[in-house]
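> fold the following.
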Amino acid sequence: MCRKTLLKDISTTFEKMGFVPSNTKAPFTYQSNIKYPSIFADKSDHAHYILYTPKRTLQIVAKYQESTGTTIEKLGYTALDAARTTHDNYLVVCGGGELLKHSRAIKFLNGQKSIAPRLHALRVEDIESFLSEDIKLKAA
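I've put the predicted structure just below:
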C-alpha cells in the first residue's frame, strides 16, 4: 500500500456509504484536495477531503508512513492544524506500517483532544463505523 492507495480506499469507502463527489456541499457529498490557510503565514494547506453528512461537516486528512523516522513528530503539526478547523470534526485516517504499528499514531492523535477536541484518528476500515449515526439519517 502507498498513500495513493490509502486515498483511493477512503474515496471508495465514502462511495460505498452513499457519498458522491460534488462541489455542492449538500449532504452525502464530498470534495477532494481543498485548499485552506495554513498555520504559517503566506502558506496554504490541503485537506484531502471535506465530507458533508446530514449532521456535520468533516475535514479529512490521510497520513501514511511505512518507514521509520520522525513519524510522531510530524503528527504534532496535524494536532495543531486540527485545533483550528472550522469544520465539525477533523478526521485523520492513518495508514502504513509505521503509523499503524501498535496503533501509535492513532493513540497519539486521539490523546490530543485537550488541544484539538474535534480531532479523531482512525484506520480506513473504521470510517464506516465512525459515520454510522450520520448514515442512519439517510435510511430514515
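
> residues contacting residue 116?
Contacts were defined as C-beta atoms under 8 Å, 6 or more residues apart in numbering; by that measure residue 116 touches 79, 80, 82, 83, 90. For every residue, glycine as well, the C-beta is placed using N, CA and C.

> distance from the chain centre to the helix or strand harbouring the third one, please.
Read it as residue 82. Secondary structure assigned from DSSP states H and E places residue 82 in helix 71-83. In terms of C-alpha atoms, centre = their mean, to the nearest Å, the centre of helix 71-83 is set 12 Å apart from its chain centre.

> what does that helix contact?
For helix 71-83, contacts defined as C-beta under 8 Å, 6+ apart pick out 39, 45, 61, 63, 65, 90, 92, 98-99, 104-105, 108-109, 112, 115-116, 118-119.

> what's the spatially closest residue to residue 66 that is not a sequence neighbour sitting at in phi/psi?
Once flanking residues are discounted, residue 66 sits nearest to residue 96: 4.5 Å by C-beta to C-beta, 6 or more residues apart in numbering. Residue 96 has phi and psi values of phi 90, psi 140 when expressed as degrees, to the nearest 10.
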